[in-house]
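Q: I'll drop the sequence and a predicted model, then ask my questions.
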Amino acid sequence: MEQQVVIRNPADIQWYGLNKDGSMAYSKYRLDGFPAYGRIKANAPITSFNMLQNEGILHIMADTASGMYYIKVEENGRDQQELRIVASTEARFPYLFFYKSVLYVCCIVTELEVTKLILKSLEAGLWSEKCIPLFGDEGTTVRLDDAVFTISNQGRLHGLFRYLNPLDECVLSCLEYDVEQDVRIERRLFALKQKNQRWHLGLDVDSLGMPHFVWTILSGGTAAYYYVNADREARSSMPLFINGNQDAAIPHFLFANELILVLFWGGDEQIEYVYSLNQGRTWSASGHVHFGNQSFLRMVQSIRKQSCVVSPEKMLGFHMPFFRPLEFIDLFNPLVGLGFSGSMVERLHWIKLQMEYLYRDYLQHTSQLRQEASDIALLNEAMEDQVRHLMREVDQLKEEEKNVLEQLKAVNEMKAEEPFSLRFIR
């Protein structure tokens, strides 16, 4: 699937992708003007990338044929800086994020039969580096096939990895790393001794920082779906029963309080889903949501901004070029047809959740309006202060002018009173 990054700003929508020549192409769409197009090039062709926008600067981790590069680009200027993070061509799976205003970049490198996560941070203009070994329990080299990352607002980096070990087992493992305390926890989640499968991995954290994992496997024309979280990990993964087409769909999480909604998207206009009302302990039967052919449903990478974190975020949404992510409020629309079970308790739970989201949306808009009114009041107050300051300066200038005029008058009077005579000498 084509890699796409969407950055949604108040003034425009920006789309980024890869050209065939390995450069990054971008297009910027405004509501009140024509779109703008351009390219970003690295020292070598880019094969994959991960990017953020923060304070008017684009931060890019680019996987190239000559190693892993960090690229910094000013949006409204031509200044571009590049730094090679890892020289090895074995570096893969780039990721980056900000935590407490510190930039972190990472990737996975396999050298000398050792797989490790390289994590570098940039603080106050200085780079520091940490190497985190992976898959040490296997005792020998593994073939890493897939990896996804996310960062919680509590500063814990989570990774989900799929690799093939020497026993020909396809293994799924996870990593939790505290970037402040330098503490790592690695766990094996799942293993399957079967080849020629097609996998899709899903990883996200809820508002409390708990990681949730889901994966789909297509093998022999049959698709299987599994879920696990930190609480369930010791009791093994839980299969999810999906009644959709037998294909390994891409999973996507939505969270609301204790509710977890997992969406499975197969690349068309239909979404299969299951949900849990109790943090993943039990799950509903599957259902499906169908969107119109003109919705242009797609999965993209966007940006998540929280109190401590700015990080990449997978988004499932619709429309092009003015992309909008799919949200819970869309699923409450009766025309969409999100199904319920016959339980009155479950129906009341959904209605309560809908009211909570409507109220939250109302609070968000009213808070934004209050902030705008406060900003205008502060601006008016600042302008009034400037006017008062200018009036004081005018009064001071008038007083100085008065003093100067009095001094000139005194000088003229002295000149008029002073006697003088002219004497001619032959």
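A: Yes, it's here.

Q: Show the pLDDT at Lys402.
A: Looking at Lys402, its pLDDT is 87.

Q: For it, the count of nearby residues, please.
A: 10 (other C-beta atoms under 10 Å). No exception for glycine: its C-beta is placed from N, CA and C like everyone else's.

Q: helix/strand/coil for it?
A: The three-state label given to Lys402 by DSSP: H, G, I helix; E, B strand; the rest coil is helix.

Q: show me the contacts for it.
A: By C-beta atoms under 8 Å, 6 or more residues apart in numbering, the contact set of Lys402 is empty.

Q: What of Gly317?
A: With contact taken as C-beta under 8 Å, 6+ apart, Gly317 is in contact with Leu297, Arg298, Val300, Phe323, Arg324, Pro325, Leu326.

Q: Kindly report the same for Phe241.
A: For Phe241, the contacting residues are Tyr225, Val274, Ala285, Ser286, by C-beta under 8 Å, 6+ apart.

Q: hmm, try it at 7 Å
A: When contacts are counted by C-beta atoms under 7 Å, 6 or more residues apart in numbering, Phe241 touches Ser286.

Q: Return the backbone torsion pair for it.
A: Main-chain torsions, Phe241, degrees, to the nearest 10: phi -100, psi 110.

Q: Distance check, it against Glu272.
A: Distance, Phe241 to Glu272, by C-beta to C-beta, to the nearest Å: 11 Å.

Q: What is the burial count for Arg360?
A: 13.

Q: does it count as helix, strand or coil?
A: Under three-state DSSP, Arg360 falls in the helix class.

Q: Tell me how far it lies from Ala65.
A: Taking C-beta to C-beta as the measure, Arg360 falls 47 Å from Ala65.

Q: what do you get for Ile108?
A: Counting by C-beta to C-beta, the separation of Ile108 from Ala65 is 17 Å.

Q: Give me the more crowded residue out of those two.
A: Shown here are Ile108 and Ala65; by other C-beta under 10 Å, Ile108 has more neighbours (23 against 12).

Q: Could you tell me what pLDDT the model assigned to the more buried one?
A: Checking the pLDDT column for Ile108, the value is 94.

Q: about what we covered before: make a PyMOL selection of the buried ones in the contacts of Gly317.
A: Buried residues within the contacts of Gly317, by 16 or more other C-beta atoms under 10 Å, are selected in PyMOL with:
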select buried, resi 297+298+300+323+325+326
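
Q: Where does pLDDT dip in the protein?
A: Low-confidence segments of the chain (pLDDT under 70): 1, 139, 232-237, 243-248, 329, 331-354, 357, 415-426.

Q: which stretches of it form helices?
A: Under the criterion DSSP state H, the chain contains helices at 328-331, 344-417.

Q: Which one of those helices lies nearest to Pro45?
A: Comparison of the helices of the chain against Pro45 by C-beta to C-beta identifies helix 328-331 as nearest, at 38.1 Å.

Q: How about the closest residue to Glu123 other than its chain neighbours: which residues does it bridge to?
A: Among residues not flanking Glu123 along the chain, Val102 sits closest, at 4.7 Å (C-beta to C-beta, 6 or more residues apart in numbering). Using DSSP bridges, the bridge partners assigned to Val102 are Tyr99.

Q: Distance-wise, check Val102 relative to Cys131.
A: According to C-beta to C-beta, Val102 stands 18 Å off from Cys131.

Q: if you count what's nearby, which of the two comes out ahead?
A: Neighbour comparison, Val102 and Cys131: the larger count goes to Val102, with 15 against 10 (by other C-beta under 10 Å).

Q: what's the more buried one in contact with, if anything?
A: Counting by C-beta under 7 Å, 6+ apart, Val102 has contacts Ser121, Leu122, Glu123.

Q: just to revisit the earlier point, closest one to Leu208 among the helices of the chain?
A: When the helices of the chain are compared by C-beta to C-beta, helix 344-417 sits nearest Leu208, at 16.7 Å.

Q: Give me the contact list for stretch 251-259.
A: Counting by C-beta under 7 Å, 6+ apart, 200, 202, 204, 206-207, 212, 214, 216, 260-265, 275-279, 314, 316, 328, 353 sit against stretch 251-259.

Q: Buried residues, it. List them.
A: Buried residues in stretch 251-259, counting neighbours by 16+ other C-beta under 10 Å, are found at Pro251, His252, Phe253, Leu254, Phe255, Ala256, Leu259.

Q: Filter those down to just the ones in strands.
A: By the criterion of DSSP state E, membership of the buried residues of stretch 251-259 in strands covers Pro251, His252, Phe253, Leu254, Phe255, Ala256, Leu259.

Q: and these, which two are the farthest apart?
A: Every pair of these checked by C-beta to C-beta; the farthest is Pro251 and Ala256, at 17.0 Å.

Q: Tell me the span between the first and last residue of stretch 92-108.
A: Between the opening and closing residues of stretch 92-108 lies a distance of 5 Å (C-alpha to C-alpha, to the nearest Å).

Q: Which of the contacts of Gly317 sits closest to Arg143?
A: Using C-beta to C-beta, Val300 is the member of these that lies nearest Arg143, at 28.5 Å.

Q: what sits against that closest one?
A: If you count contacts by C-beta under 7 Å, 6+ apart, Val300 has them with Gln4, Val5, Val6, Met315, Gly317, Phe323.

Q: Take those and lay them out in a markdown table including distance to Gln407.
A: A markdown table is the format used below for the contacts of Val300 (distance: C-beta to C-beta, whole Å):
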| residue | distance to Gln407 |
| --- | --- |
| Gln4 | 75 |
| Val5 | 70 |
| Val6 | 70 |
| Met315 | 73 |
| Gly317 | 75 |
| Phe323 | 71 |
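
Q: tell me the two of these that are most distant?
A: Farthest pair in the contacts of Val300 (C-beta to C-beta) is Val5 and Gly317. Separation: 12.9 Å.

Q: Next, find the distance separating the closest residue to Asn19 other than its chain neighbours from Leu18.
A: The shortest distance from Asn19 to any non-neighbouring residue, by C-beta to C-beta, 6+ apart, is to Ala25 (5.0 Å). The spacing between Ala25 and Leu18, counted by C-beta to C-beta, is 7 Å.

Q: So for these two, which sits in the more crowded spot?
A: The neighbour comparison of Ala25 against Leu18 (other C-beta under 10 Å) goes to Leu18, with 19 against 15.

Q: what sits opposite the more buried one in the beta ladder?
A: Per DSSP bridges, the residues bridged to Leu18 are Met24.
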